[in-house]
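Chemist: mind folding the following:
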Amino acid sequence: MIFNFEAPVNNLSFGNVCFGLSYEFFKRGISPNHFIIGQGADLSAFDKVEEDYKLYLQSCINKAFRNFKKNQPYFRLWHIFSGSWSKVSEPSYILTFHETDSLTDIEVNILNSYNKIFVTSSYSKKVFEDYGITSPVVHIKMGLDTLHYKPTNKKYFDDGRIVTSIFGKFEKRKKHKIAIQGWIKKFGGDKKYFLHLYIHNSFYKPEDMNKVYAEVFNNQPPPFNVQIFPFQPTNSLFNDCLNATDIVIDLSGGESISIPTLTALYLKKHVVAHYCTVMKDYLTEENSVLIYSNGKESCHDGVFFHSNQPFNQGNFYTFNEDDYLLALDEVVERYNKNPINEVGNKVKDDYNYSQAADKILNEISI
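Modeler: Just a heads-up that it's a prediction; the model follows:
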């Protein structure tokens, strides 16, 4: 099957999803014309990939401008707001991430110009349909990279500590400040518990990240059992971070996949999470400690979501902080009963790229 594929290859969320799909195409001997979004292809994060795949990807890129035809299916993996009105060919299909509870009329118009729209959560599917998307909206489950993420069977600490980790680039949306400060209320200064922070945001300048940490820790040094980690440049290093973790906290008010949390479940880690948006697709009361929403707040943060704009408007979900603090007690209790979250591993049955590629290729075939 020949089609035109436009997507970024990098270490961010879209880049990781692109890799997952592209690698699946590679294993099947399918070679789309790959148009790169951004500043070239960056495979530096994908350090377990074989040389044959690197050659394959480069060949897909090299032939794209020479071989594409205007009547070939076009599959785009990217934001709505960044050039998605411009297409290589028709019929056209887009897979996009969306976190808020609404669409603007401009977003609706752009999305309706596609033959089909792929989304990564049942929540986004409903939002799109409720706000006037008339093109078919297809929910695709994806996000697990089992090439780079797997149990290491290493013993990372010898003192019996319980390690909790918070992942994701720092944003108001992800409720990092509440998550960190609440954990410190419970466990700050207790050597039995450690908090690992992997919240570096590459879109922030170093001085801005320093301001973030100053605000989070009230201009005081963090407790000795709170450790801040730098950006992890490869997925293998990030795999070690996940494997060194016992409990993952994810309080985001709106997510499209939340790859670290999904992967942590696959690795049989315990999870305490805000039960909203995509979390409702793969979190259950059996595999995680759930915090239920109590309302919504504006998505506007002055950094990534701005008011009165044609894109990215709406709200994120909120929760009661007391419920979070109780959930921390419950997840520790679960961990103490059994450090291995066996049921979490079941997410691999639905969130693999094999079935995702099957669905996408079937939907875009003509």
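
Chemist: the residue lying closest to residue 174 once chain neighbours are set aside: neighbour count?
Modeler: Using C-beta to C-beta, 6 or more residues apart in numbering and skipping residues adjacent in sequence, the residue nearest residue 174 is residue 252, 4.4 Å away. C-beta coordinates here come from the backbone N, C-alpha and C atoms, glycine included. Using other C-beta atoms under 10 Å, the number of residues around residue 252 comes to 23.

Chemist: contacting residues around residue 252?
Modeler: Contacts for residue 252 (C-beta atoms under 8 Å, 6 or more residues apart in numbering) come out as 168, 173, 174, 175, 258, 274, 276, 277, 279, 316.

Chemist: for residue 13, same thing?
Modeler: Contacts of residue 13 (C-beta under 8 Å, 6+ apart): 97, 256, 257, 259.

Chemist: show me which of those is closest to residue 293.
Modeler: Within the contacts of residue 13, the smallest distance to residue 293 is 17.0 Å, found for residue 256 (C-beta to C-beta).

Chemist: distance of that closest one from residue 146?
Modeler: Taking C-beta to C-beta, to the nearest Å as the measure, residue 256 falls 20 Å from residue 146.

Chemist: so these two - more neighbours on which side?
Modeler: residue 256 (20 against 14).

Chemist: ok, and the closest non-adjacent residue to the more buried one?
Modeler: Closest to residue 256 by C-beta to C-beta, 6+ apart is residue 97, at 3.6 Å.

Chemist: that neighbour reaches residue 14, doesn't it?
Modeler: Yes - Residue 97 is within contact range of residue 14, at 7.2 Å (criterion: C-beta atoms under 8 Å).

Chemist: check contacts around the most centrally placed residue in the chain.
Modeler: Nearest to the geometric centre of the chain sits residue 258, at 3.4 Å (C-alpha atoms, centre = their mean). Contacts for residue 258 were tallied using C-beta under 8 Å, 6+ apart; they are 143, 168, 250, 252, 278, 279.

Chemist: and the fourth one, how far is that from residue 205?
Modeler: The one in question is residue 252. When residue 252 is compared with residue 205 (using C-beta to C-beta), they lie 23 Å apart.

Chemist: now the last one
Modeler: Distance check for residue 279 against residue 205: by C-beta to C-beta, it reads 31 Å.

Chemist: more crowded one of these two?
Modeler: Neighbour totals were compared for residue 279 and residue 205, and residue 279 leads with 24 against 9 (other C-beta under 10 Å).

Chemist: report the contact partners of the more buried one.
Modeler: Listed by C-beta under 8 Å, 6+ apart, the contact set of residue 279 reads 250, 252, 255, 258, 261, 273.

Chemist: and residue 227, helix, strand or coil?
Modeler: strand (DSSP: H, G, I helix; E, B strand; the rest coil).

Chemist: check the one 5 residues further on too.
Modeler: Three-state secondary structure (criterion: three-state DSSP) places residue 232 in coil.

Chemist: does it really touch residue 199, like I thought?
Modeler: No - Residue 232 lies out of contact with residue 199 (C-beta under 8 Å); the separation is 11.6 Å.

Chemist: of those two, give the one with the bigger neighbour count.
Modeler: Comparing residue 232 with residue 199 by other C-beta under 10 Å, the one with more neighbours is residue 199, at 24 against 18.

Chemist: that one and residue 170 touch, don't they?
Modeler: Yes - under the criterion of C-beta under 8 Å, residue 199 makes contact with residue 170 at 4.5 Å.

Chemist: for stretch 252-261, what is the distance to the chain centroid?
Modeler: Put simply, stretch 252-261 sits 5 Å off its chain's centre (C-alpha atoms, centre = their mean, to the nearest Å).

Chemist: correction: stretch 209-229
Modeler: Distance, centroid of stretch 209-229 to centroid of chain: 24 Å (C-alpha atoms, centre = their mean).

Chemist: other residues contacting it?
Modeler: Under C-beta under 8 Å, 6+ apart, the answer for stretch 209-229 is 170, 176-177, 180-181, 183-184, 187-191, 193-198, 200-201, 204, 241.

Chemist: make it 7 Å
Modeler: For stretch 209-229, the surrounding residues in contact (C-beta atoms under 7 Å, 6 or more residues apart in numbering) are 170, 177, 180-181, 184, 188-191, 193-198, 200-201, 241.

Chemist: relative to residue 59, how far out is the most far-flung residue of the chain relative to its centre?
Modeler: For the chain, the residue at maximal distance from the C-alpha centroid (C-alpha atoms, centre = their mean) is residue 66, at 33.2 Å. Noted for residue 66: a distance of 11 Å to residue 59, by C-beta to C-beta.

Chemist: cool, and residue 252?
Modeler: Taken as C-beta to C-beta, the span from residue 252 to residue 59 is 38 Å.

Chemist: could I get the full set of strands for this structure?
Modeler: Ranges of strands in the chain, per DSSP state E, are 4-7, 33-36, 74-77, 92-96, 116-119, 137-139, 162-167, 193-198, 226-228, 247-250, 270-275, 289-298, 315-319.

Chemist: so what strands line up beside the fifth one?
Modeler: Spelled out, it's strand 116-119. strand 92-96 (parallel), strand 137-139 (parallel) (DSSP bridges).

Chemist: ok, now the longest one?
Modeler: When pairing is defined by DSSP bridges, strand 289-298 lines up against strand 270-275 (parallel), strand 315-319 (antiparallel).

Chemist: just the residues contacting it, thanks.
Modeler: The contact list for strand 289-298, computed with C-beta under 7 Å, 6+ apart, reads 101, 272-276, 283, 315-320, 323-324, 327, 330-331, 334.
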